[in-house]
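Peer 1: this is the structure alone, sequence omitted:
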């Protein structure tokens, strides 16, 4: 009986070892630094971000198509008054937020939306 248990243990260990040595080419892990928003094709990630006032947010353009990061909401006459990137396909766009509040933003080209929650100092 002891011999059978040892064979089972060795077989399980071998199987675990083989599975953990597999090719991981299909596994993608994306770590997003604090206060960074990825601008992908037709969405922002994350689409909502909470930051302390005085923080700088970096939008990093990762998609294949051009996009904008424009304050406000689409169709609003005050859209873009707080910030408005040009049409961008790569690189970064940064804005520092000194005042607390909730700030909506969108892409002028495709309509995706996002939101910043700028917390005040307590």
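Peer 2: Yep, that arrived. Just so it is clear, the structure is predicted and the values come from calculations on it, not from any experiment.
Peer 1: and residue 42, how far is that from residue 107?
Peer 2: Distance, residue 42 to residue 107, by Cβ to Cβ, to the nearest Å: 8 Å. No exception for glycine: its C-beta is placed from N, CA and C like everyone else's.
Peer 1: these two: who's more crowded?
Peer 2: residue 107 (23 against 13; other Cβ atoms under 10 Å).
Peer 1: was I right about residue 64 contacting residue 90?
Peer 2: No - using Cβ atoms under 8 Å, residue 64 makes no contact with residue 90, being 9.6 Å away.
Peer 1: all strands of this protein, in order?
Peer 2: Applying DSSP state E to the chain gives strands spanning 36-40, 43-45, 48-52, 55-61, 70-71, 91-97, 101-106, 113-119.
Peer 1: tabulate those in TSV, adding columns for mean pLDDT.
Peer 2: Formatted as TSV, the strands of the chain follow (pLDDT from 0 to 100):
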stretch	mean pLDDT
strand 36-40	97
strand 43-45	97
strand 48-52	97
strand 55-61	97
strand 70-71	98
strand 91-97	97
strand 101-106	98
strand 113-119	97
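Peer 1: so which of these is nearest residue 82?
Peer 2: Closest of those to residue 82 is strand 70-71, at 3.7 Å (criterion: Cβ to Cβ).
Peer 1: which residues are contacting the closest one?
Peer 2: The contact list for strand 70-71 (Cβ atoms under 8 Å, 6 or more residues apart in numbering) reads 79-85, 103-108.
Peer 1: most neighbours among those residues, which one?
Peer 2: residue 105 (27 neighbours).
Peer 1: so what's it bridging to?
Peer 2: Taking DSSP bridges as the rule, residue 105 bridges to residue 71, residue 114.
Peer 1: ok, residue 40 next?
Peer 2: residue 43.
Peer 1: what about it, how many neighbours?
Peer 2: By other Cβ under 10 Å, neighbour count at residue 40 equals 16.
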